[in-house]
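[1] Any chance you could fold what I've pasted below:
(2 chains)
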Amino acid sequence: MTNQRNTVSSLSIAVTGSGGAGVMTAGGFLLEAAAKAGWYGLQTRSVGPQIRGGEAAALLRLSTRPVEVQSAAFDLLFVVDWLNFDRFAAEIELRKDTLVIADPASGEIADAVTASGARVIEMPVKEILEAIPGGRPNMLALGTVAGIVGLPMDTIFDLIEEQLGSKGEHAVSSGKVTVEAGYKFAETLGGAPRLGEPTPAAAGRWLITGNEAAALGAVRGGVRFAAAYPITPATEILEWLSPSLAKVGGALVQAEDELASINMVIGASYGGVPALTATSGPGLALMTEAIGLATAAEVPLVVVDVMRGGPSTGIPTKSEQSDLNIAVYGLHGDAPHVVVAPLSIADCLFTTQWAVHLAEAMQVPTIVLSDQFIGQAKAVIDRPAEITFLGRRERAENISGAYHRYAVTASGVSPMAIPGTPGGQYTADGLEHSPRGTPSTRAEDHIAQLDKRQHKVDAFDFGNIWAEIDGEGDLAVLIWGSSTAAAREAVEMARQRGAAVKLIALRLLAPCRPEAMRAAFAGVDRLLVVEQSHSGQFMNYVRAHYDLPSEVRGFRHPGPLTISPTEILNRIEEWS
Amino acid sequence: MTAQTAPVLKASDFKSDIKPVWCPGCGDYHVLLSLTRALAALGLQSENVAVVSGIGCSSRIPAYLNCYGFHGVHGRSLPLGTGLKVARPDLTVIVAGGDGDGFSIGGNHFLHACRRNIDLTYIVMDNRVYGMTKGQPSPTTEPDWDSALSPGGTGLSPFHPLVIALASGANFVARCFSGDPARTGDILVEAIRHPGLSFVQILSPCVTFRPDERSWKELVHPAPVEPTDDPARAARRIMTDDGFNIGILYRGNRTPYHLAKRGPQQDPDQLAEMFAI
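    Prediction:
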């Protein structure tokens, strides 16, 4: 039967059901099995606000090549049950050639499915499961999808033994029997697409979420203290750091609120230990006063903001690039600090590690703008290269004579005495101060310290890491953060169709790099600015800080829907 | 420096050359004196001491000391001190501030710092008024104290910091009077030595906005009983005393927060192997 199927390089799969039906587990097994068999892949989460119950969808894309974004439409949808399907129907675009598998006994087919004209295959899920004691629908979905895709059954069995073993022998055996029944059903399907041959990697691959990657990047960069207040969708960073920091000689403290966590981080870093906290929009709002303190007192620290829909509580479980304004402009007074954004799931590691380096090197708070999409998505990535960035702070040691903590230097960075260093005794202060650190209201002290704090970030050598620039063309797509993966794919498709398009993806949002941007815009006449925000925060930001090419267009929409490659491609083609 | 070669510091060695912003007659001058005496009596080296504060008149104290210090934002001195102590258990960390900073804007941190019971000493110079903003009622102000912001008084019951510290899990609770620096210094020595969170309320008059507090020197009296390690007894005593009972009121045996220095067992690259397929 499989001979009749066409082979594709990428397959998008959705498994949907009510919360607790185990669709996330099924999705996780599929991704891991695909990874073990040599494919790349990505799993994103779409869940409702309910902690248990409600709706859930495992959205997967498996591919022969690295993938960091979902494709616009799905090739395969397995509906475990139709409860609350409408709540995420908008996130699961179906086409005429989409294969939808559902049990007629589980209820009426959703209108969205009927309207799409997708091909619906009836599968007697209830009937099959009645014959298998302990059989669960998510395992049947797993077997069916794995069979269609062409994943080796042995790999699925290994995972069942590994991950269901703790639930007892019966869970393992009934899981295997159910999966096998799914494979059998898949064999009966003609015309289903099959994934192309896998490409096992010589250097090995990782299976990791953006949040885990950010946490690992922090530890690699030298972070040995974290303060934690739980918040969706950042909690996984903190939960990974808690045991991991203990293993590398560090510590995590659970704080009573975000006001406490950011001030704990300041205290630890003042003590000489690189420190970090992770939060989302509401937490970042609470932290802004203390981030200003860290700017004034020149205490390095990293805050990872895993953005979610805002304002206020907003949409905690869904992504949006709408904390750009608060991250760049949220501090009172003139408070130069650093804002960076990872450009993909894998880049969460690189960018967070870089953020630690920047914070420590400039003695400045650094905000990392990740988001729910890349934070909670799990992907198969090539083993990341060794990165040499390490948090290295210029320290004052062997002090003789008067120590001036805030001495004005050529770089703007002043050697920092760490408590315990004889002769370095000083008081770090949020009050404006003299070079020595003594509180001062004098105009000359204020201007000298403002200049120093601005200069140290403006004069820093960010190298070519500030942005990823790819290709040449008189049309450029300007993007930042997590939407970059969609733009990359769109630009690649446009090039395949003969368009010359340049991609400029900003990793560094503050301070601005006017000279570097001028060079990036060389030869560009038309600029398409793309972002996932309602008000156009990024458009306003680039208009405020950069000289733009003569023609500028924007494409934007807010969360929860991610910016898709097709949407960007359409804008490029409209303008070509 | 090792203990053998380190010089023995005098109280005056712990004082910086910066002139305080405090008004003449402010109780905080004596708190500064008491603290420098305590640090000298403990034989500490000034580079191994950090004093962390928030915002307010009394929170200016770090700059007046010759040790490491941090003058942070309003109400957040306890979290800042917590992060410092967890990251650097080798340091002696003292957190200091006023009643508005600690009990109003910082009230939540007060509860949780006591509950966490980290080896910190928390000194609150309580003058029952916001002095830096020129005379508004604080959480410990009497309900009928008249001010521009609350004409005729707030009508609110004053906060009971000592009993709240006790109920929240603090391991050492004492009340001092700034006008008795010798006794205050002795109590601070014991507070700093005691493991876990030590909370010391120092009645420190604001002669500018609360001239009536000049009478405190007549009202204070030594606690007539020995310190107890029974929190229930201590709580009853604090709830029923006149607020001017001076001394160590509770010295507990509660287990402090675990601060053992965890040596590295793995390097980050070993951690990363959990992600390998």
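[2] Doesn't A:Leu284 belong to a strand?
    No: per DSSP: H, G, I helix; E, B strand; the rest coil, A:Leu284 lies outside any strand segment and is helix.
[3] how about the nearest residue to it, chain neighbours excluded?
    A:Asp305 (4.8 Å; C-beta to C-beta, 6 or more residues apart in numbering or on different chains). Every residue, glycine included, has its C-beta placed from N, CA and C.
[4] Pretty sure the one you found sits against A:Gly281.
    Yes: when contacts are counted by C-beta atoms under 8 Å, A:Asp305 is listed as touching A:Gly281 (6.9 Å).
[5] quick one: common contacting residues for the two?
    A:Asp323 (C-beta atoms under 8 Å, 6 or more residues apart in numbering or on different chains).
[6] Spell out for me which residue occupies the centre of chain A.
    By C-alpha atoms, centre = their mean, the mean C-alpha position of chain A lies nearest to A:Ile374, the distance being 2.3 Å.
[7] And that residue, how far from A:Arg308?
    The gap separating A:Ile374 from A:Arg308 is 12 Å, by C-beta to C-beta, to the nearest Å.
[8] quick one on the thing from earlier: which secondary structure element contains the residue nearest to A:Leu284?
    A:Asp305 belongs to strand A:301-307 when assigned by DSSP states H and E.
[9] Would you mark the buried spots in the next helix or strand after that strand?
    Note on strand A:301-307: by DSSP H and E, the next helix or strand toward the C-terminus is helix A:324-329. Applying a neighbour-count criterion of 16 or more other C-beta atoms under 10 Å in any protein chain shown, one finds A:Leu324, A:Ile326, A:Ala327, A:Val328 buried in helix A:324-329.
[10] could those go into a markdown table alongside distance to A:Ala226 and pLDDT?
    Shown next, in a markdown table, are the buried residues of helix A:324-329 (distance: C-beta to C-beta, whole Å; pLDDT from 0 to 100):
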| residue | distance to A:Ala226 | pLDDT |
| --- | --- | --- |
| A:Leu324 | 24 | 98 |
| A:Ile326 | 21 | 98 |
| A:Ala327 | 19 | 98 |
| A:Val328 | 24 | 98 |
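[11] Quickly name whichever of those is closest to chain B.
    A:Ile326 (17.7 Å; C-beta to the nearest C-beta).
[12] Just give the number of residues close to the nearest residue to that closest one once chain neighbours are set aside.
    Distance criterion C-beta to C-beta, 6+ apart; nearest residue to A:Ile326, sequence neighbours excluded, is A:Leu284 at 6.1 Å. Counted with other C-beta atoms under 10 Å in any protein chain shown, residues neighbouring A:Leu284 total 27.
[13] Same question for A:Glu531.
    28.
[14] ok now do it, which residues does it touch?
    Taking C-beta under 8 Å, 6+ apart, we find A:Glu531 in contact with A:Gln321, A:Leu324, A:Ile479, A:Trp480, A:Ser483, A:Gln537, A:Phe538, A:Met539, A:Gly554, A:Phe555, A:Arg556, A:Ile563.
[15] Which element, helix or strand, includes the residue of chain B found nearest chain A?
    Scanning chain B for the residue nearest chain A gives B:Gly83, at 3.0 Å (criterion: C-beta to the nearest C-beta). Using DSSP H and E, B:Gly83 maps to helix B:77-87.
[16] cool, and B:Gly155?
    Using DSSP H and E, B:Gly155 falls outside every helix and strand.
[17] again with A:Leu369
    Taking DSSP H and E as the definition, one finds A:Leu369 inside strand A:365-371.
[18] Skipping its backbone neighbours, what lies nearest B:Ser16 in space?
    Per C-beta to C-beta, 6+ apart, closest to B:Ser16 is B:Asn66, 4.7 Å.
[19] That neighbour: neighbouring residues, count only.
    21.
[20] Check B:Asp101 too.
    31.
[21] Look up the closest residue to it, ignoring the ones flanking it.
    Nearest non-adjacent residue to B:Asp101 (C-beta to C-beta, 6+ apart): B:Gly54, at 4.0 Å.
[22] Isn't that neighbour up against B:Phe70?
    No: B:Gly54 is beyond contact range of B:Phe70, at 9.8 Å (criterion: C-beta under 8 Å).
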